[in-house]
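> Take this sequence and fold it.
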Amino acid sequence: MRQIVHFGLGNFARAHLLDYTADAGGDWQVIGVNLRSSTTRDGLAAQDYAYALKVQGVGVKQIAVINTILLASEGQQPILQAMAHADIISATVTEKGYHLDQHGQLDLQDPVIAADLTSLPLRGLIGFIAHDLAQRDRPVTILSCDNRPGNGDALRQAVQQFAQAAHLTIDWSLARFPNAMVDRITPATTDLIRQECNDPMAVPTEAFREWVIEDCFAGPRPDWPDVQFVQDVRPHELRKLRMLNGAHSFLAYAGLAQGYDFVHEAISDLQLRRQALSLMMEAGATLPQDIQDQVPAYAQALLVRFDNTELAHRLDQIAMDGSQKLPYRILDTLRLGATPVMISAVRAWMSYCIAQTALGKKLNDPLAEEIARAAISARPERQLLQLIGAEDLAPLILE
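Numbering: from 1, shown residues only. This is a model prediction of the structure:
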């Protein structure tokens with residue numbers, strides 16, 4: 001059997017990578033690795049690692065490509081042994097799982113990185129990949145499935161910086177880190193979905209899915225259907241990050257401020273809908289020229305996806321980890337040209353942080369403590385902008 005070791009078996013991975021792999025067939029299996037919680041492992045283990053994927057408008061698919069799930073908390077050796085035999089090591093650990101500072105460099109002071117540099121067992125994705133590569137004698141593809149620009153490049157750089165700090169010797173010619181763009185709206189599972197599927201581990205998702213991967217694999221890969229293998233992923237990832245994810249973040253913070261709970265509720269507000277569409281078109285104008293003609297149709301398709309009431313995509317789920325998401329979703333675009341809705345999106349995030357702190361609520365964000373301190377400071381907006389590396393934009397945002 002060919003083997004994929006995947007870090008982070010949350011809902012998105014189970015609706016995207018695992019669904020594609022199930023459709024590919026062949027002799028591929030997935031060994032999952034979860035770095036923290038045992039909840040997913042325990043739930044899936046109780047049903048032989050199979051689960052229901054409820055595809056809106058299509059039906060329920062049974063996904064059965066997981067061989068087992070390993071936990072970092074139960075020891076590193078089984079994980080490293082599985083990685084040593086893998087053709088592909090993939091990851092969906094979100095932006096914060098890369099432990100980068102606001103300049104995109106590996107944060108050597110981050111608690112997980114610092115611990116992995118000084119003691120064992122390993123706790124984080126970066127340390128596991130570096131230690132695997134230090135022992136490796138056969139090619140491997142390290143495939144990021146996270147929603148950030150240049151995800152493969154960022155992952156490679158983080159692993160290289162970790163290896164240097166840890167004094168690990170690695171043959172980098174054995175590893176490839178393709179960039180990839182992933183897309184499929186996958187909300188959190190509700191009790192209603194579990195009941196409808198008769199499966200406590202069911203995952204809901206939309207029918208739409210997209211995967212664009214840089215064509216630079218080190219070895220074999222599944223025959224994934226409908227995946228685009230291209231020389232340059234960047235135009236595709238910019239389209240998605242700036243238009244879809246940028247609009248999502250705007251709707252999350254602005255919608256929560258208006259008392260909405262779900263994307264479909266926020267997008268039904270005529271003012272928010274106009275602003276979201278304006279943001280998409282403003283973002284679309286910053287994209288490479290060769291995909292400019294896709295912008296109007298893509299924007300209209302996004303509105304249709306956002307209108308989907310069956311997905312019940314929660315705004316507070318999208319609002320998580322804002323300090324990690326805004327730089328790629330909003331700030332990069334804003335630096336290419338000041339636009340009213342982009343500025344409103346950043347202001348909405350700041351207002352959200354200040355309001356949640358005033359209510360005594362801790363944000364779900366890796367910088368939650370820093371955000372809380374900034375929110376009660378004498379100049380909260382400036383402090384918050386500094387946290388996300390947006391000091392240069394303060395004259396625009398705070399005017």
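> Could you give me the buried positions within the longest helix belonging to the chain?
Using DSSP state H to define each element, the chain has its longest helix at helix 340-358. By neighbour count, and taking 16 or more other C-beta atoms under 10 Å as the criterion, the buried residues in helix 340-358 are 341-346, 348-354, 356-357. C-beta coordinates here come from the backbone N, C-alpha and C atoms, glycine included.
> ok, now stretch 286-302?
Of the residues in stretch 286-302, those with enough neighbours to count as buried (16+ other C-beta under 10 Å) are 286-287, 294-295, 298-299, 302.
> Narrow those to those in helices?
Taking DSSP H as the definition of helices, the buried residues of stretch 286-302 contribute 295, 298-299, 302.
> Give me the helices and strands touching the helix or strand Thr21 falls within, please.
In this assignment (DSSP states H and E), Thr21 forms part of helix 17-24. The elements that helix 17-24 packs onto, with contact taken as 3 or more C-beta pairs under 8 Å, 6 or more residues apart in numbering; DSSP states H and E, are strand 2-7, strand 28-34, strand 59-63.
> export those to a markdown table and tack on mean neighbour count and distance to Tyr253?
Rendered in a markdown table, the data for those read as follows (neighbours: other C-beta atoms under 10 Å; distance: least, C-beta to C-beta, whole Å):
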| stretch | mean neighbour count | distance to Tyr253 |
| --- | --- | --- |
| strand 2-7 | 22 | 29 |
| strand 28-34 | 22 | 29 |
| strand 59-63 | 14 | 33 |
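> neighbouring contacts of the one helix or strand Gln164 maps to?
Taking DSSP H and E as the criterion, the element that holds Gln164 is helix 151-166. Helix 151-166 has contacts (C-beta atoms under 8 Å, 6 or more residues apart in numbering) with 91, 98-100, 104-106, 108, 113, 116-117, 126-127, 129-130, 133-134, 142-145, 148, 168, 170, 172, 175, 177-180, 214, 237.
> For those, I'd like a selection string for PyMOL - just the buried members, please.
One line in PyMOL is enough to select the buried members of the contacts of helix 151-166, burial here meaning 16+ other C-beta under 10 Å:
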select buried, resi 91+98+99+100+106+113+116+117+126+127+129+130+133+142+143+144+145+148+168+170+175+177+178+179+180+214+237
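> Find the nearest non-adjacent residue to Leu106, please.
Nearest residue to Leu106, sequence neighbours excluded (C-beta to C-beta, 6 or more residues apart in numbering): Gln161, at 4.1 Å.
> separation between the one you found and Ala91?
When C-beta to C-beta, to the nearest Å is the yardstick, Gln161 and Ala91 sit 17 Å from each other.
> Now for the nearest residue to Gly75 once chain neighbours are set aside: which residues touch it?
Excluding the flanking residues, the one nearest Gly75 by C-beta to C-beta, 6+ apart is Pro121, at 6.3 Å. Pro121 makes contacts with 72, 75-76, as judged by C-beta under 8 Å, 6+ apart.
> and what of Ile371?
Taking C-beta under 8 Å, 6+ apart as the test, what Ile371 contacts is 323, 353, 357, 363, 365, 384, 387.
> 10 Å instead?
For Ile371, the set of contacting residues under the criterion of C-beta atoms under 10 Å, 6 or more residues apart in numbering consists of 322-323, 349-350, 352-354, 356-357, 362-363, 365, 380, 383-384, 387-388.
> Wait, Gln109 touches Leu100, no?
No. With contact defined as C-beta atoms under 10 Å, Gln109 does not reach Leu100; the gap is 11.9 Å.
> where exactly do the helices run in the stretch 101-250 of the chain?
111-118, 125-135, 151-166, 191-197, 234-239, 246-257 (DSSP state H, counting those that start in this stretch).
> now, of those, which is deepest in the fold?
When you average the neighbours per residue for each of those (mean count of other C-beta atoms under 10 Å), helix 246-257 leads with a mean of 25.
> Leu9 and Ser278: what is the separation?
When Leu9 is compared with Ser278 (using C-beta to C-beta), they lie 37 Å apart.
> So those two - more neighbours on which side?
Between Leu9 and Ser278, Leu9 has the larger neighbour count (other C-beta atoms under 10 Å), namely 23 against 18.
> what pLDDT does that one get?
According to the prediction, Leu9 has pLDDT 97.
> low-confidence ranges in the chain?
Low-confidence segments of the chain, defined by pLDDT under 70, are absent.
> Domain-wise, how is it divided?
Listed domain ranges for the chain are 2-232, 235-397 (source: automatic domain parsing).
> For the residue lying closest to Ala355 once chain neighbours are set aside, which residues are in contact?
In space, not counting the residues next to it along the chain, Ala355 is nearest to Ala257; the distance is 7.6 Å by C-beta to C-beta, 6+ apart. For Ala257, the contacting residues are 266, 272, 315, 348, 351-352, 355, taking C-beta under 10 Å, 6+ apart as the criterion.
> Now the two most distant members of these.
Using C-beta to C-beta, the two most remote members of these are Leu272 and Ala355, lying 17.5 Å apart.
> Who are the contact partners of Leu387?
Contact analysis of Leu387 by C-beta under 10 Å, 6+ apart lists 102, 323, 353, 365, 367, 370-371, 373-374.
> redo that, cut-off 8 Å
When contacts are taken as C-beta under 8 Å, 6+ apart, Leu387 is in contact with 102, 323, 367, 370-371, 374.
> Include secondary structure when you put those residues into JSON lines, please.
Rendered in JSON lines, the data for the contacts of Leu387 read as follows (DSSP: H, G, I helix; E, B strand; the rest coil):
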{"residue": "Gln102", "secondary structure": "coil"}
{"residue": "Ser323", "secondary structure": "helix"}
{"residue": "Leu367", "secondary structure": "coil"}
{"residue": "Glu370", "secondary structure": "helix"}
{"residue": "Ile371", "secondary structure": "helix"}
{"residue": "Ala374", "secondary structure": "helix"}
